[in-house]
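Chemist: Show me the folded form of this:
(one chain, ligands or ions: 1)
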Amino acid sequence: MKKKILTSVIITVLFALVIITSSFFALVSMQEVDNTRNILINYNSIMANWKEISKESVNLLRINGNIIDVTVTNKDGKVIFDNTQEGKTVDLNCKEYASIGRDNIGYFEGYSPYYKKDMIFSTLRLGDGTIIRSGVPVGTLDVLYSKNISYYLGVLAVVFVLSIALALKLVRIIIDPVKNLEYVSSKIANGDLQTRIEITSNDELGYLGMSFNNMADQLQSKINEVMDKQNKLESILKSMQSGVIAVDKEDSIILLNPYAKKILGINKEVVGLKLKDVMYKKLYNEILLEEYDTAKEIKVKSPVRRILRVKKTWIINGYEKIGIVISIQDVTEMKRLENMRTQFVANVSHELKTPLTSIKGFAETLRFVEDTETRDKFLDIIDKESERLRRLIDDILVLSNLESRSSEDLIEFYPEEVIEDALNILEDHAKRKNIKLIYHSNNNDKILGHNDKFLQLVINLVENAIKYSDCDKEVLIESSSDDEYYTFRVKDNGYGIPKEDLPRIFERFYRVDKSRKGGGTGLGLAIAKHISKSFGGDIKVESEFGKGSEFTFKVKHL
Ligand code: ADP
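Modeler: Okay, here's the model as predicted:
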């Protein structure tokens, strides 16, 4: 571009110079010819006044330092003087003489057969018919004088240098903004969207720069918009608790969110790879190759055993199917809970049915019993069963209440206050079996949670210790803390729990020996476990059958 502009400017300047120089030369030659003619006319007048025209005197008359050619003829054309050629007769009818006008002055410019070269002549006819003709060869004109030539060359050189300087300036004016435009556009192309062109002129290049900046602004805002959308989409996909996979028609992965990676056990970047190469074959076949309209549940064994709910939707562009979006949900936990709930309902029905059947049976029989002793016995049984029914319902309500309460309204409290309340409640119960409740506390820390729940936990553990101990025993209750944890411990030397039952005693309705004396609903420990979890703590048991049990609740204190 720079070269092109420079070359075209130089060519234009040279062309202009050539035209100007030739016009100049033409003008100068015309002027020179005019001057020469005037000089010759003057010289003719001078010579007309001379008494005698001699070579010596003619030699004094010069033009541009050259001696002029003088020919004097009489009226018949006979040469009477000639300073270069002698004795010739001149044809007065020839062009050189024919040009003499009424003023007796003639002028001729052209080829002279007399001198055999191009000449400039001026003629003067005197009264007696004598004609003085003076002339110089055209070649002696001063047009190409070396002085002039060097002057022309000097001017030419100056003009040439100036034109180059001008061309360079022009180049800078045109090229610099273009270069700047090129630089800025390459920076923008490389991701630097903040760069803009500095507008320095108010011309077409300035407008071009403005339009470019405008375009860059638009581009930046569009890119920001797209990035914003992309970021939102990415964060939504990242935070989703469902797997999302998108593949194109060729089965290449376009998108696979972190949750999908987790479910499928993928730990590398897979965008661009074929889905069938990164997914287990069986799962791939079940998800992609089988036809299903609604969601479908698939059991997988790898990387862990899971139940997945899968739904696939076509990505449609106009009328063309260009890919598939697969959403995967891990429904293992949901299924487990569903299962548990069904089981729980079955257990509750069963547990409620037992005392109800017994109540119904005894109540029906009671109609036909007349003897008072048996009737009282039956009524006692009905009373006991109703009490059991009440306890069951109470425990179920506690459990459901625990599940429905969220983590709000947590308070900080000293566990001792609650433990003392619980021990007061259970005091009579213990006394009935002559069981001594020994309570130690070295705790000064608060814990965070619901104090009424903690009361329930303490009651359940201490009540069990009393319930599953023989009379006259001791139950040790300890409340302590170390740097990090608060511990509540209940230790008895009662019946103990068989080793094989230990892992299940926190399950709902699980009872070690259903025929055990004083057995409850089987919900007490499930409730205690639930409460310990809601505190963010844990409950553990150590027990030896026939010797006693130790239940420990541990939670981080404040
Ligand atoms: P229950 O209402 O039957 O007491 P729990 O959930 O409180 O139900 O306890 C479950 C089972 O664990 C009880 O049936 C009992 O056999 C056993 N158990 C709980 N605590 C003790 C304990 N301190 N000593 C011995 N066995 C216990």
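
Chemist: which residues in the stretch 51-200 of the chain form helices?
Modeler: 55-59, 95-98, 146-189 (DSSP state H, counting those that start in this stretch).

Chemist: check contacts around the closest residue to the ligand within the stretch 151-300 of the chain.
Modeler: Of all residues in the stretch 151-300 of the chain, residue 299 sits closest to the ligand, at 32.6 Å by Cβ to the nearest ligand atom. Every C-beta, even on glycine, is put in place using the N, C-alpha and C of the backbone. Shown in contact with residue 299 (Cβ atoms under 8 Å, 6 or more residues apart in numbering): 305, 306, 307, 308.

Chemist: What is the nearest of those to residue 25?
Modeler: residue 308 (98.8 Å; Cβ to Cβ).

Chemist: Phi first, then psi, for that closest one.
Modeler: phi -110, psi 140 (degrees, to the nearest 10).

Chemist: cool, the one 3 residues further on as well?
Modeler: Phi and psi for residue 311, reported as degrees, to the nearest 10, are phi -140, psi 140.

Chemist: Read off the pLDDT value for it.
Modeler: Per-residue confidence (pLDDT) for residue 311: 91.

Chemist: Also residue 515?
Modeler: Residue 515 is assigned 55 on the pLDDT scale.

Chemist: quick one on the thing from earlier: can I get the helices of the stretch 51-200 of the chain in a markdown table including distance to residue 274 and mean pLDDT?
Modeler: Below are those laid out as a markdown table (distance: least, Cβ to Cβ, whole Å; pLDDT from 0 to 100):
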| stretch | distance to residue 274 | mean pLDDT |
| --- | --- | --- |
| helix 55-59 | 111 | 87 |
| helix 95-98 | 104 | 80 |
| helix 146-189 | 32 | 81 |
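
Chemist: any idea which of these is most buried?
Modeler: Highest mean neighbour count among those (mean count of other Cβ atoms under 10 Å): helix 95-98, with a mean of 18.

Chemist: Could you tell me how far that one lies from the centre of the chain?
Modeler: Computed by Cα atoms, centre = their mean, to the nearest Å, the separation of helix 95-98 from the middle of its chain amounts to 96 Å.

Chemist: got the buried residues for the helix or strand containing the residue of the stretch 151-300 of the chain closest to the ligand?
Modeler: Residue 299 belongs to strand 296-300 when assigned by DSSP states H and E. Within strand 296-300, the residues that count as buried by 16 or more other Cβ atoms under 10 Å are residue 300.

Chemist: what lines up beside that strand in the sheet?
Modeler: Neighbouring strands of strand 296-300 in its sheet, by DSSP bridges, are strand 306-317 (antiparallel).

Chemist: per-domain residue ranges of the protein.
Modeler: Using automatic domain parsing, the domain ranges for the chain come out as 2-143, 148-225, 240-330, 335-399, 405-556.

Chemist: With respect to residue 233, which of those domains lies nearest?
Modeler: Taking these one by one with Cβ to Cβ, domain 240-330 is closest: 9.1 Å.

Chemist: quick one on the thing from earlier: now the strand holding residue 299 - C-alpha only, CSV.
Modeler: Extracted C-alpha coordinates of strand 296-300, given in CSV (Å, rounded to 0.1, in the frame of the first residue of the first chain):
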residue,chain,number,x,y,z
LYS,A,296,-37.2,-44.2,32.1
GLU,A,297,-35.6,-45.7,35.2
ILE,A,298,-32.3,-47.6,34.8
LYS,A,299,-30.4,-49.5,37.4
VAL,A,300,-26.6,-49.2,37.2
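
Chemist: This completes my enquiry, with thanks.
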